[in-house]
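A.B. asks: fold the following for me, if possible:
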Amino acid sequence: MSRNWNILNWNVRGINSQTRWDDLRAKIDESNCGIICIQETKRDSFDMAYLRNFSPRRFNQYTYTPSMGLSGGLITIWNGSLFNGTIISQSTSQITVKLVCNLSGHIFYITNIYGPCQNEDRADFFDWLNNIDASQMDHWMLVGDFNLIKSPHDKNKPRGDTNNMVMFNSLLQQLDLVEIPLKGRNFTWSNMQDLPLLEKLDWIFTSAD
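C.D. replies: Residues are numbered from 1 along each chain as shown. This next block holds a predicted model:
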């Protein structure tokens with residue numbers, strides 16, 4: 001038995017308004033997803049009543065990491081009739097969940113990521129990636145806003161932190177991760193200036209299997 005499952009991945013940059021709730025619900029309906037990974041919630045707590053502001057009732061399982069003040073925050077939500085979920089690890093920058101398909105028994109892992117914005121905080125994020133034991137996670141997907149670029153071509157202006165790029169690429173290679181290419185645009189973030197800085201900070205990677 002097999003079936004395809006859609007995953008909605010979105011940095012919402014705040015989830016505290018009716019407008020954003022309406023946008024989220026529309027995107028959930030459009031994508032027909034079974035799993036939702038949201039970054040930068042800018043919210044310190046969630047309960048089922050709050051989820052009902054934007055998610056249909058079939059999404060009845062979730063786990064979250066609170067924001068630090070008005071910065072960050074992650075939540076992963078899934079349809080409990082489709083998947084049985086177990087939290088594997090979580091921190092300010094990631095949530096990893098083991099999901100078992102109720103239909104087929106197939107097991108896979110999904111990591112929802114919001115990477116640190118500041119260099120001084122990236123060491124812990126890189127250490128976490130470096131120390132992951134992925135040997136048991138044959139079917140693994142990492143999605144989210146990594147706040148990192150892989151090459152100078154991932155921004156519209158020259159320069160970039162070479163050390164971060166080298167470390168990021170080295171860890172992806174070490175973990176044997178494969179990128180799922182982004183379609184339709186070259187960049188995912190803008191500083192919204194008249195002459196904007198544009199960067200590709202959102203990524204999706206999977207294990208080779």
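A.B. asks: so what's the closest residue in space to Glu179 that isn't next to it in sequence scoring on pLDDT?
C.D. replies: In this structure, Glu179 finds its nearest non-sequential neighbour in Phe205, 5.6 Å apart by C-beta to C-beta, 6 or more residues apart in numbering. Any C-beta I mention is one placed from the backbone N, CA and C, and that applies to glycine too. On pLDDT, Phe205 comes in at 97.
A.B. asks: Met1 now?
C.D. replies: 46.
A.B. asks: try Ser170
C.D. replies: At Ser170, pLDDT is 96.
A.B. asks: buried residues in whatever helix or strand it lives in?
C.D. replies: In the assignment (DSSP states H and E), Ser170 maps to helix 162-174. Within helix 162-174, the residues that qualify as buried are 164-165, 167-168, 171-172, counting by 16 or more other C-beta atoms under 10 Å.
A.B. asks: need those in a markdown table with distance to Met192, can you?
C.D. replies: Putting the buried residues of helix 162-174 into a markdown table (distance: C-beta to C-beta, whole Å) gives the following:
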| residue | distance to Met192 |
| --- | --- |
| Asn164 | 23 |
| Met165 | 24 |
| Met167 | 28 |
| Phe168 | 25 |
| Leu171 | 30 |
| Leu172 | 29 |
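A.B. asks: out of the residues you listed, which comes closest to His106?
C.D. replies: Nearest to His106 out of those is Leu172 (C-beta to C-beta; 24.5 Å).
A.B. asks: hmm, Phe205 and the closest one touching each other?
C.D. replies: Yes: counting by C-beta atoms under 8 Å, Leu172 touches Phe205, with 6.6 Å between them.
A.B. asks: mind listing the shared neighbours of these two?
C.D. replies: Overlap of the contact sets of Leu172 and Phe205 (by C-beta atoms under 8 Å, 6 or more residues apart in numbering) consists of Glu179.
A.B. asks: can you show me the strands along the protein?
C.D. replies: 7-11, 35-39, 59-65, 74-79, 83-90, 94-101, 107-114, 140-145, 177-179, 189-190, 198-199, 202-207 (DSSP state E).
A.B. asks: list the neighbouring strands of the second one plus their orientation.
C.D. replies: Strand pairing for strand 35-39, using DSSP bridges, gives strand 7-11 (parallel), strand 74-79 (antiparallel).
A.B. asks: again with the last one
C.D. replies: In the sheet, strand 202-207 lines up against strand 140-145 (antiparallel), strand 177-179 (antiparallel) (DSSP bridges).
A.B. asks: just the pLDDT for the closest residue in space to Asn53 that isn't next to it in sequence.
C.D. replies: Computed as C-beta to C-beta, 6+ apart, the closest residue to Asn53 that is not its neighbour in sequence is Trp21, at 4.5 Å. Trp21 is assigned 97 on the pLDDT scale.
A.B. asks: ok, now Trp5?
C.D. replies: pLDDT, Trp5: 83.
A.B. asks: could you report the distance from the closest residue to it other than its chain neighbours to Asp127?
C.D. replies: In this structure, Trp5 finds its nearest non-sequential neighbour in Gly34, 4.6 Å apart by C-beta to C-beta, 6+ apart. For Gly34, the distance to Asp127 (C-beta to C-beta, to the nearest Å) stands at 32 Å.
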